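>>> Got a predicted model here, sequence first, then my questions.
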Amino acid sequence: MAHIILTFNTKESANQAIQFSLMITGKKVFARKLITEPSRCLKCHSFEGTHMAAECQQEFDTCGTCTRLHRTAACTITDQNNFFCVNCNVQGHTAWDRDYPMFIQKWNTHKNQNTQSKYPST
């Protein structure tokens with residue numbers, strides 16, 4: 001599986017790609033609107049959307065995988081049983097997991113508030 005992000009000059013062109021698909025190198029490719037995800041601070045992992053890592057008031061980085069005081073990229077934990085979510089305070093998933101309930105709730109709220117998440121019909 002591969003992904004590609006395309007931009008169109010008009011909403012009508014984008015709607016046609018979504019409605020009728022595209023042909024790329026002889027293969028039928030289905031399109032959908034790219035919907036932005038809710039913002040998460042990569043330092044404290046808050047989804048509140050009020051800040052990003054550069055403006056985070058927290059003194060140290062919190063790992064999004066194990067909640068220890070190091071950057072997520074530096075984490076050596078690979079066993080899912082040792083994952084711990086800093087947002088939910090629950091063991092078994094990470095703060096960056098897109099299948100955990102808090103992310104799904106924030107994503108649905110974000111999607112419903114974002115009028116750009118849907119193309120108008122042509």
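Thanks, I have the structure now.

>>> going forward, measure contacts and count neighbours with C-alpha atoms only.
Noted.

>>> which intervals of this structure have sub-threshold pLDDT?
Along the chain, segments meeting pLDDT under 70 span 49, 114-122.

>>> could you say which helix or strand contains residue 110?
Secondary structure from DSSP states H and E places residue 110 in helix 101-113.

>>> residues in contact with that helix?
Outside helix 101-113, the residues that touch it by Cα atoms under 8 Å, 6 or more residues apart in numbering are 35, 36, 37, 38, 47, 87, 88, 97, 98, 117.

>>> try 10 Å
35-40, 47-48, 87-88, 95-98, 114, 117-118 (Cα atoms under 10 Å, 6 or more residues apart in numbering).

>>> Export it to CSV, keeping only CA atoms.
In CSV, the C-alpha atoms belonging to helix 101-113 read as follows (Å, rounded to 0.1, in the frame of the first residue of the first chain):
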residue,chain,number,x,y,z
PRO,A,101,-10.2,6.2,22.8
MET,A,102,-8.9,9.7,23.6
PHE,A,103,-7.4,10.2,20.1
ILE,A,104,-10.6,8.9,18.5
GLN,A,105,-12.7,11.3,20.6
LYS,A,106,-10.4,14.2,19.8
TRP,A,107,-10.3,13.3,16.1
ASN,A,108,-14.1,13.1,15.8
THR,A,109,-14.6,16.4,17.6
HIS,A,110,-11.9,18.0,15.4
LYS,A,111,-13.5,16.6,12.3
ASN,A,112,-17.0,17.7,13.2
GLN,A,113,-15.8,21.2,14.0
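
>>> That one: how far from the chain's middle?
10 Å (Cα atoms, centre = their mean, to the nearest Å).

>>> Please spell out which residues along it are buried.
Going by neighbour count (16 or more other Cα atoms under 10 Å), the buried part of helix 101-113 is 103, 106, 107, 110, 111.

>>> Also stretch 37-54?
38, 39, 40, 41, 42, 43, 44, 45, 46, 47, 51, 52.

>>> what's the offset of it from the middle of its chain?
For stretch 37-54, the distance to the chain centre is 11 Å (Cα atoms, centre = their mean).
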